[in-house]
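K.L.:
Have a look; sequence and predicted model below, questions after that.
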Amino acid sequence: MVDRFLGTDLNAIPPTPPAPGSTIRFENLTLGYERHPAVHHLDMEILAGSLVAVVGPNGAGKSTLLKGVAGELRPLEGYIHIDHSPGRKRPALAYMPQRNELDSSFPVAVFDVVAMGLWHEIGAFRGLGRIGRDKVCTALDTVGLAGFESRPIGTLSGGQLQRARFARLILQDAPTILLDEPFAAIDARTVDDLARLILRWHAEGRTVLTVVHDLGQVSRYFPTCLLLARELVAFGLTDEVMTETLLARAQRLSEAFDEHAEKCSLPEPA
């Protein structure tokens with residue numbers, strides 16, 4: 001099979017050294033804002049190397065869950081266990097929030113935005129050097145942005161900006177990757193190209209959690225699905241989770257949720 005995105009025969013690519021992702025386990029996890037839960041009492045485990053679509057109605061807690069795993073949001077209750085390997089030099093995980101959290105009006109070039117993915121290698125005081133610059137150019141070429149190095153990010157289309165953000169993820173080389181709505185408001189060709197890159201990460205053994213709204217994209221690209229509606233509705237094979245019954249249940253749970261309810265809690269064990 002020839003991949004038009006990578007421009008190469010995938011069957012001819014030498015085996016990639018394994019990059020095992022992390023197992024992520026949620027133990028009675030409650031996440032929220034101002035003491036109000038957005039995700040509550042989540043008990044489950046995502047095995048290392050899984051490719052998981054996180055789905056659910058609007059306000060179901062999908063982005064909140066990724067923020068919790070990324071360490072940006074402290075649990076109100078319970079725990080998130082991630083089996084980070086000790087002594088790892090590269091980042092344990094890479095987190096790409098929604099695109100609206102990026103200020104594209106800031107006067108910075110595409111090359112510099114992508115080069116931020118090498119922060120774990122160069123720190124605050126070292127320059128990129130020739131090797132670092134070559135890595136940035138290779139990442140840009142991989143996502144189809146060769147020749148865009150000097151372009152201000154504010155001049156990019158939505159799809160081009162997502163390609164640049166994926167190039168930065170390539171350089172982070174993290175074994176666990178969190179993506180919040182990476183396919184939102186971009187053209188179909190870019191969706192297909194970026195999905196192929198996600199599938200390649202999965203083939204390398206990385207753990208990938210992706211918030212996805214388009215259920216067609218979920219069925220097309222993701223073997224495993226986590227259905228949320230402030231609480232766990234279902235988790236498993238995509239064909240078994242994406243049923244009319246379970247999706248309708250998720251919608252009912254989401255509509256019945258009280259935004260102003262007290263923080264829920266389980267009784268203390270005897």
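P.N.:
Structure's in. What do you need? Residues are numbered from 1 along each chain as shown.
K.L.:
okay, CA-based contacts and neighbour counts for the rest of this
P.N.:
Noted.
K.L.:
any chance you could map the helices in the stretch 151-270 of the chain?
P.N.:
With DSSP state H, counting those that start in this stretch as the criterion, the stretch 151-270 of the chain has helices at 158-172, 188-203, 215-221, 238-241, 244-256.
K.L.:
Ok, which of these comes nearest Arg74?
P.N.:
Smallest distance to Arg74 across the helices of the stretch 151-270 of the chain (Cα to Cα): 22.5 Å, for helix 244-256.
K.L.:
Please identify the most buried of the helices of the stretch 151-270 of the chain.
P.N.:
helix 158-172 (a mean of 22; mean count of other Cα atoms under 10 Å).
K.L.:
residues making contact with it?
P.N.:
90-91, 94, 96, 99, 110, 113-120, 135-136, 139-140, 142-145, 153, 182, 185-187, 190, 194 (Cα atoms under 8 Å, 6 or more residues apart in numbering).
K.L.:
Could you turn the buried ones of those into a ChimeraX selection?
P.N.:
Buried members of these, defined by 16 or more other Cα atoms under 10 Å, are picked up in ChimeraX with:
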select :90,91,94,96,99,110,113,114,115,116,117,118,135,136,139,140,142,143,144,145,153,182,190,194
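K.L.:
Now for the residue positioned nearest the centre of the chain: which residues touch it?
P.N.:
Nearest to the geometric centre of the chain sits Leu179, at 1.7 Å (Cα atoms, centre = their mean). By Cα under 8 Å, 6+ apart, Leu179 lies in contact with Leu66, Tyr95, Met96, Pro97, Gln98, Val208, Leu209, Thr210, Val211.
K.L.:
Export the helices of the stretch 151-270 of the chain as TSV, with columns for mean pLDDT and distance to Leu76.
P.N.:
Formatted as TSV, the helices of the stretch 151-270 of the chain follow (pLDDT from 0 to 100; distance: least, Cα to Cα, whole Å):
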stretch	mean pLDDT	distance to Leu76
helix 158-172	96	29
helix 188-203	96	31
helix 215-221	96	30
helix 238-241	97	28
helix 244-256	92	20
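K.L.:
what's the closest of those helices to Glu45?
P.N.:
Among these, if distance is taken as Cα to Cα, the winner is helix 238-241, at 16.0 Å.
K.L.:
now the stretch 1-150 of the chain, which segments are flagged as low pLDDT?
P.N.:
Along the stretch 1-150 of the chain, the parts satisfying pLDDT under 70 run over 1-19, 85-90, 101-102, 122-127.
K.L.:
do that again at 80, thanks
P.N.:
1-20, 35, 84-91, 99-105, 120-128 (pLDDT under 80).
K.L.:
can you map out the helices along it?
P.N.:
62-70, 110-115, 119-122, 129-142.
K.L.:
ok, Leu65 touching Leu29?
P.N.:
No - look at Leu65 against Leu29 with Cα atoms under 8 Å: they stay out of range, at 9.5 Å.
K.L.:
between the two, which one's more packed in?
P.N.:
Between Leu65 and Leu29, Leu65 has the larger neighbour count (other Cα atoms under 10 Å), namely 27 against 21.
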